[in-house]
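Enquirer: next comes the sequence, and after it the predicted model I'd like to discuss.
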Amino acid sequence: MNATLSATLRYAVLILVGFLMLYPLLWMVGGAFKPNHEIFSSIGFIPQEPTLEGFTKGWQTSTEYSFGRYLLNTFAIIVPKVAVTVVSSVLVAFGFARFNVPGKRVLFGLLIATILLPKSVLLVPQYLMFREMGWLDTFMPLYVPSAFATEGFFVFMIIQFMRSFPREMEEAAVMDGCNSFQVLWHVVVPVIMPAIVSVALFQFMWSMNDFLSPLIYLSSVEKYPVALALKLSIDVTEATSWNQILAMSTIALAPSLILFFAAQKYFVEGITVGAVKG
Amino acid sequence: MKRFLVACLLILTSIGVSAEEEVHLRMSWWGGNEVHRAYLTSLRKFEEKYPHIKVKAEYTGWVGHLERLTTQIAGGTAPDVMQVNWNWLVLFSRDGRGFQDLNTLGNLIDLSQFDADARATGTVHGKLNALPVTMTARVFYFNATTFAKAGLPVPTTWDELFAAGPIFRERLGEDYYPLALNFLDVLALCRTWLVQRTSAQLVNEDRRQLNATEADTAEMAAFYERLVKEHVIAPAPIRASYGNVAEQELRPWITGRYAGTFYWTSAVGKLAETLQPGQKLVLAPYPMRTGASDAGLFYKPGMMVAINSKTKHPKEAALLLDFIFNDAFAVEAFGLQRGLPVSKAAVAILEAKGLPRTIGWDGNTQVSTLPHRVGESGYFEHPRVRDGFIDILESLGFGRISTAEAGRRMHTDVNRILERVIRPGRVKPAEATYGD
């Protein structure tokens, strides 16, 4: 009896807080179905005069391309970016965690320092560099740098994860005749799978939201990702059609949500293990 | 024989084609949905008219456009034709050499459509860097529906405006106000109030300080206090409770509880657009202080178009610029989307087409009838000068400092900022005294 009561109470509190946290998201989805003038005059998320205008007009966009084009562009950037980030971060983390290289402490310090470096400092020099390489207005500047483990945070996270499990397993593999790469592939990678999934998910979500780098490097509208496309219709001299923007944001959110729920088991394990045992 | 003739013809046509080599231009702008549509259709038409020129459109929303353009100009990859803001001329072309001198392309651009004042706004050190799309100033617009509900005509003088405050409170309720102003609007209104008395620019560029004395800035602070006290605008804490949103998205504006604004003629359309159905925004007669010889307007170009100084195709870029400003198709595509055009040809086309007048257009007509010789220094819009003023007005609005202290600090603090931002010997921003 007592147990039921406490469970009811706990769930009631959880549902209430969960609802509060989710309210902005619900409001966004509700707003997508509202006519424009209703969005700012009511706080409720249930539309009084529901309409699909936001979706149809938003999908067409005011540009020469439909919103589907921008979604595809986003994936053309994100998929290679996530792939090279995972590979490079794991390799570098493995190096730092298991090998003794001269100057390792200094190098590791530098790596951590890059986490603290504001991204905007690098913008102009990188822009000039990519201009010399002729990579402007292509997707390359957006994902190629990630192939060099430039996300210090991910490397750090994987290192912490690797520290949490015993070397004996790897030593056993070496005794059986594995070289370093085989140890990494057959022993380490399966164990650090949760961390790898976390890295992939984080990179996916961050790249999805990244606004500044595509803004700077891509000049052709046909190559814009979603983050740029959503802001295309927001101007200071024109009233903004928020219902279109909310509708397209809802669509753009779907891939992140689906991916998150699909990989949720690994993801949560990944961040907690890395955080607690590190 | 026939074959030979056909072959000759083929050779001839191929020569004809190769003589006019294909030129690729890039053009950048920022804007919202309507602006994008207007530009894109105009560019397609331009390509039809000049088949050898292909234009690539590079556009974004407002957010980030300046950052992007700055990087492109720094990296030497800026587009051939670009839409710029008036105050960007100081950023990218301090000596006038940052953009093409359009005077040298005068045979391709019909400069006679722009009067001397309009050309002066885009001239830096004798070089015509950019041409204005529209000219704009702040004037008064009121929600006629709310005023009718209060049983009042829209105010025509300062006294009537102040008298409306208490009547609003009495007849409509505590949360009804005749004006909806954020601090930027308040600053503009305080400046206008002062300039109508002094007939001098607020900022003096040559002396690198304010023309206003400490007594003058005290008058500005007192004016703000009076607006709040006499129920003309909502006190800062109350206004802030509706969130820090764009003016057209403020709830009491949409519902008509805040029934007026002091806004740019070029952009007032967005304010009218979000009003709840049934409400009507009208242009009000411009109030003048007794004895005022100048309306105290801050009359400036709303948007400008410039040509990259490093473009490889200045001639084709000039053709495009002229098309955007003066061609009937482009003019009709834009309509009054970006305010009333400056180009005389464009105005004639719109009038001939019988385009319904908008409150923005009426606003521009009103401005042209008002005495506006004084003008203002571009440094009044410098972000740090503006923020300096607004910080003080906010402290006053939220009751952190007294009116007397606000007046004093507007003098000392802003003068200090001006001295820092206007570097001596530095080229002055494009500036003009605006006549008739």
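Expert: On my side now, so go ahead.
Enquirer: tell me the spacing between the closest residue to chain B within the stretch 1-150 of chain A and B:A221.
Expert: Among all residues of the stretch 1-150 of chain A, A:S62 sits closest to chain B, at 3.6 Å; criterion: C-beta to the nearest C-beta. Placement of C-beta: from N, CA and C, glycine included. Look at A:S62 and B:A221: by C-beta to C-beta, to the nearest Å, they are 44 Å apart.
Enquirer: what do you get for A:A239?
Expert: 33 Å.
Enquirer: please apply the same query to A:N100.
Expert: A:N100 is 68 Å from B:A221, by C-beta to C-beta.
Enquirer: isn't the residue of the stretch 1-150 of chain A closest to chain B right up against A:S233?
Expert: Yes - between A:S62 and A:S233 a contact is recorded at 5.8 Å, counting by C-beta atoms under 8 Å.
Enquirer: okay, those two: which has more neighbours?
Expert: A:S233 (26 against 20; other C-beta atoms under 10 Å in any protein chain shown).
Enquirer: common neighbours of A:S62 and A:S233, please.
Expert: B:G32, B:N33, B:H36 (C-beta atoms under 8 Å, 6 or more residues apart in numbering or on different chains).
Enquirer: those: which ones sit near chain A?
Expert: Among these, the residues lying close to chain A (C-beta under 8 Å from any C-beta of the partner chain) are B:G32, B:N33, B:H36.
Enquirer: of those, which is the most crowded?
Expert: B:H36 (25 neighbours).
Enquirer: who touches the residue nearest to it when sequence neighbours are not counted in this structure?
Expert: Leaving aside its chain neighbours, B:H36 sits nearest to A:S62 (4.5 Å; criterion: C-beta to C-beta, 6 or more residues apart in numbering or on different chains). By C-beta under 8 Å, 6+ apart, the contact set of A:S62 is A:L232, A:S233, B:G32, B:N33, B:E34, B:H36, B:R37.
Enquirer: so which of those residues is the closest to B:D206?
Expert: Distance to B:D206 across the contacts of A:S62 (C-beta to C-beta) is lowest for B:G32, with 38.6 Å.
Enquirer: residues touching the closest one, list them.
Expert: Taking C-beta under 8 Å, 6+ apart, one finds A:S62, A:S233, A:I234, A:D235, A:T237, A:E238, A:A239, A:T240, B:G61 in contact with B:G32.
Enquirer: list the contacts of B:T70.
Expert: Per C-beta under 8 Å, 6+ apart, neighbours of B:T70: B:L91.
Enquirer: quickly find the element holding it.
Expert: Per DSSP states H and E: B:T70 is located in helix B:65-75.
Enquirer: in that helix, which residues are buried?
Expert: B:H65, B:R68, B:L69, B:T70, B:T71, B:Q72, B:I73, B:G75 (16 or more other C-beta atoms under 10 Å in any protein chain shown).
Enquirer: higher neighbour count, A:N100 and B:A221?
Expert: Between A:N100 and B:A221, counted using other C-beta under 10 Å, the more crowded position is B:A221 (24 against 5).
Enquirer: so what's B:D216 closest to, chain neighbours aside?
Expert: B:L194 (5.7 Å).
Enquirer: how about the secondary structure of the one you found?
Expert: helix (DSSP: H, G, I helix; E, B strand; the rest coil).
Enquirer: touching, it and B:A292? I think so.
Expert: No - applying C-beta under 8 Å as the test, B:L194 and B:A292 come out as separate, 10.8 Å apart.
Enquirer: may I see the buried residues of the host helix or strand of A:A254?
Expert: Counting by DSSP H and E, the element that carries A:A254 is helix A:242-262. For helix A:242-262, a neighbour-count test (16+ other C-beta under 10 Å) marks A:242-252, A:255, A:259 as buried.
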